[in-house]
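Asks: Need coordinates for the following:
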Amino acid sequence: MDILSLRLFLRVAECGTVSAAARDLSLSPASASARLAKLEEIVGFHLFNRTTRAVSLTTDGAAFLPYAEQTIETLEAGLGAVSGRGTQVKGLLRMAMPGSFGRMHVIPALAEFHARYPVVNLDLRLSDEILDVIEGGYDLIIRNAHLADSSLIARKLASDHRILVASPGYLELQGTPSTPDDLMKHQCVNLGNNNKWKFQNGQIISIPHSFVVNDGEAMRIMLENGMGIGIKSVWNASEGLKSGLLVEVLTNFPLITESSIWALYPSSRIVAPKVRAMIDFLVGLFSPKPPWER
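Replies: As a prediction, the model looks like this:
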């Protein structure tokens, strides 16, 4: 598997035709076709669906694409490091992040990132699922969770302080709890099946499933509209707290917070310049204090 054939594969995927890709790489169409056939023989699957007018990636070809891109970028970064010349920050950056966190705190800042690095293209995935960096072919994942042992490199972006909140209207109608035990008499909104709320004083309260929702943004809206008491990250609840739509409850009984906000990327001696640029940008965005604490 030679580098020119990988570059050809990437260029065909971008152009949609073998002839155009061959012309860009100073190859004859026949030579380009032969190289692609040899590459398919080496990898053991078809890379493209071919018609008389154009070619398109097969499912396997699309899955292979980010790995081919990463190989070329790693090679260029390595050559740049050895030769002492800088490597341009460019290429397609595939990044995933939690939906609510991405919409509130990352997406609004990406115009600034693009202004700094105009030749970096972004392929973004917003999902509250726990996504696999390697299997998904991502360059970088922002994860809002307790970080288990992993072969990935992790860079902490911010703490994830969590509090109990409710709307003033709900508390006016149902009363304000004064101890964790009082929660058993209240309506509670849970994200997923997290019905065991842990407090720093050692108490663990098993909350009845009044309402369960699988989306953090939907949960916040339910709380703002008086549907009960729930646990929210400060980064998600801060605007509601500032506007008065939400108030913190049980302030004398802080919760145990086991999660933080992390940037995760595959372990490698050489980090692609586009990945390093995004990590540095995110660190600057959330340090020394994240925007929800300012």
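Asks: How confident is the prediction for residue 34, by pLDDT?
Replies: Predicted confidence (pLDDT) for residue 34: 92.
Asks: now residue 24
Replies: 86.
Asks: was I right about it contacting residue 15?
Replies: Yes. With contact defined as C-beta atoms under 8 Å, residue 24 reaches residue 15; the gap is 7.3 Å. Any C-beta I mention is one placed from the backbone N, CA and C, and that applies to glycine too.
Asks: who touches residue 198 in this structure?
Replies: Taking C-beta atoms under 8 Å, 6 or more residues apart in numbering, we find residue 198 in contact with 204, 255-256.
Asks: Quick check: next helix or strand after the one helix or strand it maps to?
Replies: Under the criterion of DSSP states H and E, residue 198 resides in strand 196-198. For strand 196-198, the succeeding helix or strand toward the C-terminus, using DSSP H and E, is strand 204-206.
Asks: tell me which residues in that following strand are buried?
Replies: residue 205 (16 or more other C-beta atoms under 10 Å).
Asks: so what strands line up beside the following helix or strand past that strand?
Replies: The C-terminal neighbour of strand 204-206 among helices and strands, as given by DSSP H and E, is strand 211-213. Sheet pairing for strand 211-213, assigned by DSSP bridges, gives strand 188-191 (parallel).
Asks: Residues in contact with the strand it pairs with: which ones?
Replies: So strand 188-191 is contacted by 207-214, 216, 219, 222-223, 227-231 (C-beta under 8 Å, 6+ apart).
Asks: any idea how far that strand is from the chain center?
Replies: 24 Å (C-alpha atoms, centre = their mean, to the nearest Å).
Asks: Where do the strands of the chain begin and end?
Replies: For the chain, the strands defined by DSSP state E cover 48-50, 55-57, 91-97, 120-126, 140-145, 153-159, 162-166, 188-191, 196-198, 204-206, 211-213, 229-233, 247-249, 260-265.
Asks: Mind listing what's buried along stretch 256-270?
Replies: 257, 260-266.
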